[in-house]
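>>> Provide a 3D model corresponding to the input given below.
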Amino acid sequence: MDDLLEISIFDNLYASVCEQMGESLRRTARSINIKDRLDFSAALFDVHGELVAQAAHIPVHVGSMAFALKSILDIIDPAEDEMLITNDPYGGGTHLPDITVICPVSIDGRRIAYLANRAHHADVGGTGSGSMAPASRLEDEGVVISPRVFWKSGHMLAPPLNELMGAVGDPVERHSDLMAQVAANLTGRSALLEILRMNGLRQCLKMMDRLKDYSSRAMENLIEEFPVGVFSFVDHLDDDGVGRGPVQICATIERLGSRLSIDFDGTAPAVPGNLNAVLPVAVASVFYVFRCLLGEDIPSNAGCLRPLDIKAPAGTVVNAQYPSAVAGGNVETSQRIVDVLLGALAKAWPGRIPAASQGTMNNLSLNGPGFAYYETIAGGMGAGPSTSGLSAVQSHMTNTRNSSVETLEFTYPLRVVRYELRRNSGGNGVHRGGDGVVRELEALAPIRGSLLAERRSRPPWGLAGGQPGKKGFDQIRRKGRWFDLPSKGSFELAPGDRISISTPGGGGWGDPE
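Predicted coordinates:
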């Protein structure tokens, strides 16, 4: 009992460091995407770069950092008074808008830990709106920042950021958000040093290892319950935005003694568009799914991954290689990887797994003179064996808020015409899938935009006889007439034009008859 009590105390202590980092970032950021939508994450790592604790932020952020921080530190290890910056998907990142800032923590010259936060910036350059439009090469999506020192002795260094600031529409906002990320790490470092002071360095370092060991044992216990057999599932992305599709994703799960094999063999090769995911994103999706199965009282750290053998063939859409474009892989392919994993697990544990949720983040980017706006739009959650799906929520690999009507209209030349539930879009079943939403915006000035969305061709599937959720659809209204809008691509809005996004519902669970 004392051991479990100590585990719980230190898990919460270390998680509180990450929560304080997140609150500092929220309060000091300038952009709506970070301040209002909370599109950021924070985490604590040990001296080896292994995840020790995280806050309840964005699964795709934290899970990918859990896998990739060691590779970043292999490239460059910051000195005590330095911080690193990177957004390079092929150097430990996810996609270019996600900028990571890493801070070392030392005592008397001894390296103790690392703190990192990752935030989505609404504009990092590139050929399309919001750095999220269809593209065929990584460099077309924005400025690539390989891991480098950008903060030293209390000052931000200009040379590492000159290219970024020259490529974005609002360099003041980018600079302010980066300063907020620095402030978040400084807040976390002060909080961690206070924990070390109060509890002793030796005890704190020992508990970092014990927390990881505890989570690893919990995952091993879960694997012991896993039935013997080979369980596979196949699902598809609609298309890659430039003419290739559908795009197959396949996962096979098999118990091998005390370990679990997750193999993505059979997945489609990398596509010409930007739906390719780098390996850390695939690992983050696996981390998320199996961490959910453990329950809330298990610490979320690198130990959860130890008993899992993840195989993702190089050159596929779940392990893309440079120079493939990857903006959509982070936000859309990660969601489909979760769907595929849950589909395979539903064959092994039919009474424990929910139906498919909306399976997309409905990424909308809008740009005009001096502003860049980005949001993901909620939809329906899949129903489960004991509950109906929630409506109008972000699900699985995203955990952001919506942009409030008041904030959106006050900050940007936009009017919110409709924002409501898309009634009966969830699949029918013993338990119904959650409903999606309808979000309709009117432009009050000339605006360039891009949309990156999924589940427009293939609906979110139901389970155990439950019906699928309804597919999403998108439209633009010009001169009083509505026109269908492709789910991936760029567009322009004149004053008075409207864009309407109708998001998918979740799948139902159980035969309604």
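
>>> Low-confidence regions, the stretch 1-150 of the chain specifically.
Along the stretch 1-150 of the chain, the parts satisfying pLDDT under 70 run over 1-2.

>>> Which helix or strand contains the closest residue to residue 284 other than its chain neighbours?
Residue nearest to residue 284 in three dimensions, not counting chain neighbours: residue 63, with 2.8 Å by CB to CB, 6 or more residues apart in numbering. Bear in mind the C-beta positions are built from the backbone N, C-alpha and C, glycine included. Under the criterion of DSSP states H and E, residue 63 resides in helix 59-75.

>>> how many degrees apart are the next helix or strand after that helix and helix 59-75 in direction?
For helix 59-75, the following helix or strand on the C-terminal side (DSSP H and E) is strand 82-86. Put simply, strand 82-86 runs at 120 degrees to helix 59-75, going by axes from the mean of the first three to the mean of the last three CA atoms, to 10 degrees.

>>> circling back: burial of the residue nearest to residue 284, as a residue count?
Number of residues near residue 63 (other CB atoms under 10 Å) recorded here: 31.

>>> if I pick it, what's in contact with it?
280, 283, 284, 285, 286, 287, 288 (CB atoms under 8 Å, 6 or more residues apart in numbering).

>>> Find me whatever residue is spatially closest to residue 201, sequence neighbours aside.
With CB to CB, 6+ apart as the criterion, residue 201 has its nearest non-adjacent residue at 6.4 Å, and that residue is residue 107.

>>> can you list the domain ranges for this structure.
2-214, 354-513 (automatic domain parsing).

>>> would a markdown table of those domains with distance to residue 338 be doable?
Below are the domains of the chain laid out as a markdown table (distance: least, CB to CB, whole Å):
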| stretch | distance to residue 338 |
| --- | --- |
| domain 2-214 | 9 |
| domain 354-513 | 5 |
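
>>> residues contacting the nearest residue to residue 352 once chain neighbours are set aside?
Nearest residue to residue 352 in three dimensions, chain neighbours excluded: residue 385, at 6.9 Å (CB to CB, 6+ apart). Residues counted as contacts of residue 385 (CB under 8 Å, 6+ apart) are 351, 352, 353, 354, 431, 464, 509, 510.

>>> what's the answer for residue 109, then?
residue 80.

>>> what about it, distance to residue 77?
14 Å (CB to CB, to the nearest Å).

>>> So which residue is dead centre in the chain?
residue 60 (3.0 Å; CA atoms, centre = their mean).

>>> who are the neighbours in contact with the closest residue in space to it that isn't next to it in sequence?
Setting aside the residues directly before and after it, residue 60 is nearest to residue 397 in space (CB to CB, 6+ apart), at 4.2 Å. Applying CB under 8 Å, 6+ apart, we find residue 397 in contact with 58, 59, 60, 284, 285, 288, 331, 334, 335, 338, 361.

>>> Show me where the stretch 201-350 of the chain dips below the pLDDT cut-off.
Within the stretch 201-350 of the chain, no stretch falls below the threshold (pLDDT under 70).

>>> in the stretch 51-200 of the chain, which spans are helices?
Secondary structure of the stretch 51-200 of the chain (DSSP state H, counting those that start in this stretch): helices located at 59-75, 162-167, 171-199.

>>> the inter-axis angle of the last one versus strand 82-86?
If I follow you right, that is helix 171-199. Here the directions of helix 171-199 and strand 82-86 differ by 130 degrees (the same axes, to 10 degrees).

>>> outside of the following helix or strand past helix 171-199, which residues touch it?
Note on helix 171-199: by DSSP H and E, the next helix or strand toward the C-terminus is helix 201-225. Contact with helix 201-225 is made by 6-7, 10-11, 14, 46, 50, 52-53, 107, 112-113, 195-196, 255, 258-260, 290, 293-294, 298-308, as judged by CB under 8 Å, 6+ apart.

>>> Make a PyMOL selection of whichever of the residues you listed turn out to be buried.
To isolate the buried ones among these in PyMOL, judged by 16 or more other CB atoms under 10 Å, type:
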select buried, resi 7+10+11+14+46+50+52+53+112+113+195+196+255+260+290+294+298+299+300+301+302+303+304+305+306+307+308
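
>>> Can you pick out the ones from the contacts of helix 201-225 that are in strands?
If you go by DSSP state E, the contacts of helix 201-225 have 46, 52, 53, 107, 112, 113, 255, 259, 260, 308 in strands.

>>> I'd like those as JSON lines, with distance to residue 168 appended.
Output for the ones in strands among the contacts of helix 201-225, formatted as JSON lines (distance: CB to CB, whole Å):
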{"residue": "46", "distance to residue 168": "34"}
{"residue": "52", "distance to residue 168": "33"}
{"residue": "53", "distance to residue 168": "32"}
{"residue": "107", "distance to residue 168": "38"}
{"residue": "112", "distance to residue 168": "35"}
{"residue": "113", "distance to residue 168": "32"}
{"residue": "255", "distance to residue 168": "48"}
{"residue": "259", "distance to residue 168": "45"}
{"residue": "260", "distance to residue 168": "43"}
{"residue": "308", "distance to residue 168": "38"}
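
>>> Of these, which pair is most distant in space?
107 and 255 (42.6 Å; CB to CB).

>>> So which bits of the helix holding residue 63 are buried?
59-70, 72-73.

>>> From these, pick the one nearest residue 410.
Closest approach between the buried residues of helix 59-75 and residue 410, by CB to CB: residue 61, at 27.5 Å.

>>> What is the burial count for the residue nearest to that closest one when sequence neighbours are not counted?
Take residue 61 and drop its neighbours on the chain: the residue closest to it by CB to CB, 6+ apart is residue 41, 3.5 Å away. Neighbours of residue 41 under the rule other CB under 10 Å: 29.

>>> can you tell me which residues contact residue 41?
Residue 41 is in contact with 22, 54, 55, 57, 58, 61, 62, 65, 117, 118, 119, counting by CB under 8 Å, 6+ apart.
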